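A.B. asks: What would the 3D arrangement of this be:
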Amino acid sequence: MIIDISDLGSIISGLGTIAVAVFFLLIVLSTAIKVVPEYRRIVLFRLGRLVGSRGPGIVFIMPFIDRAITVDLRILTLDVPVQEVITKDNVAIKVNAVVYFRVLEPSKSVVEVENYIVATSQLAQTTLRSVVGSVELDEVLSSREKINQELQKIIDDRTDPWGIKVSAVEVKELELPEGMKRAMARQAEAERERRAKIIAAEGELQAAEKLSEAARKMEASPITLQLRYLQTIREISGERNTTTFFPVPVDLIKPFVDKLTGGEKSA
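C.D. replies: Numbers count the residues shown, from 1 in each chain. Below is the predicted model of the structure:
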């Protein structure tokens, strides 16, 4: 069989056209088919109008007609920069925080706000300054959990129209002025001294009560006073003590004392 050269050229040209068509078809199919993972959603716009969110799985998009925006549904961690705040009792402090949030409604996060991450960051900064500035320094230091809950509630309420859920807000660090640190250290030292004095006074009171009780018992039984006297001498006389104690009964020297006092009266 003889093939004309002109026919061969037309065949080659037809094959080239088919190859180009197949190539463009593959490109169109690659742009029309999207594989969306479980933790993402695609917000679809068709000729500028919101169609809704799609995914997970295989999503078909009409090329040159549909516009797709990918939104991540995982929890995002937002680090709030250090904010300089003046508390209610006029103390200047520096504080920063971290915000944990996620997107619940992808369509709202794209339509209602231009950039939900930037918007949430700015809102967290202003809310942090407002909440910390409305309380005193002692409350900031002692009631941090309460402040965290208040921050979380305010930010969550304001980001709800954007389809965002704030799960937690944590105040990370508080930086106090050096003068305030020294004042707090002096206050803590004075508080410890006060407690030590109170404990010592309570010990003295308890000792006095016990001594009074012991005195009443000794008064009821005088022999106990003599036994206590002997025990005290034993405690004073140690092994290395060079002093010797001789207990002398009072009844033994009482006649001499009476005689001496009687002689002085007669004189």
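
A.B. asks: quick one, helices of the stretch 51-200 of the chain?
C.D. replies: 106-111, 116-133, 137-142, 144-159, 178-220 (DSSP state H, counting those that start in this stretch).

A.B. asks: Mean pLDDT per helix and strand in this protein: which one sits at the bottom?
C.D. replies: In the chain, no helix or strand scores lower on mean pLDDT, DSSP states H and E than helix 250-266, which sits at a mean of 63.

A.B. asks: what pLDDT does Ser237 get?
C.D. replies: For Ser237, the pLDDT comes out at 64.

A.B. asks: cool, Leu8 as well?
C.D. replies: At Leu8, the model reports a pLDDT of 56.

A.B. asks: change the start of the numbering to 607 and stick with it
C.D. replies: All set: I'll call the first residue 607, so the last point we hit is now Leu614.

A.B. asks: winner for burial among the helices of the stretch 657-806 of the chain?
C.D. replies: helix 712-717 (a mean of 20; mean count of other Cβ atoms under 10 Å). For glycine as for every other residue, the C-beta is placed from the backbone atoms N, C-alpha and C.

A.B. asks: That helix packs against which elements?
C.D. replies: strand 646-652, strand 655-660, strand 672-678 (3 or more Cβ pairs under 8 Å, 6 or more residues apart in numbering; DSSP states H and E).

A.B. asks: Need the pLDDT of Pro767.
C.D. replies: On the pLDDT scale, Pro767 gets 95.

A.B. asks: Report the spatially closest residue to it, excluding sequence-adjacent ones.
C.D. replies: Distances taken as Cβ to Cβ, 6 or more residues apart in numbering place Glu718 nearest to Pro767, at 5.9 Å, with adjacent residues excluded.

A.B. asks: what's the one you found sitting at in phi/psi?
C.D. replies: In terms of degrees, to the nearest 10, the main-chain angles of Glu718 are phi -80, psi -20.

A.B. asks: ok, it touching Thr765?
C.D. replies: No. Counting by Cβ atoms under 8 Å, Glu718 stays clear of Thr765, with 9.9 Å between them.

A.B. asks: Residues that sit against both of these two, list them.
C.D. replies: Contact criterion Cβ atoms under 8 Å, 6 or more residues apart in numbering; residues shared by Glu718 and Thr765: none found.

A.B. asks: Now do the contacts for the closest residue to Lys714 other than its chain neighbours.
C.D. replies: In space, and not counting its chain neighbours, Lys714 is closest to Gly769: 3.2 Å by Cβ to Cβ, 6+ apart. Counting by Cβ under 8 Å, 6+ apart, Gly769 touches 709-715, 718, 722.

A.B. asks: For Thr733, state which of the residues you listed is nearest.
C.D. replies: For the contacts of Gly769, the closest approach to Thr733 (Cβ to Cβ) belongs to Tyr722, at 15.6 Å.

A.B. asks: got a list of what that closest one touches?
C.D. replies: Contacts of Tyr722 by Cβ under 8 Å, 6+ apart are 709, 715, 765, 768-770.

A.B. asks: 10 Å instead?
C.D. replies: Applying Cβ atoms under 10 Å, 6 or more residues apart in numbering, we find Tyr722 in contact with 677, 682, 707, 709, 714-716, 765, 768-770.

A.B. asks: low pLDDT regions in the chain?
C.D. replies: For the chain, applying pLDDT under 70 flags the ranges 607-620, 828, 831-832, 835, 839-860, 862-863, 868-873.

A.B. asks: What backbone torsions are found at the residue lying closest to Ser740 once chain neighbours are set aside?
C.D. replies: Computed as Cβ to Cβ, 6+ apart, the closest residue to Ser740 that is not its neighbour in sequence is Lys694, at 6.2 Å. The phi and psi torsions at Lys694 (degrees, to the nearest 10) take the values phi -60, psi -30.
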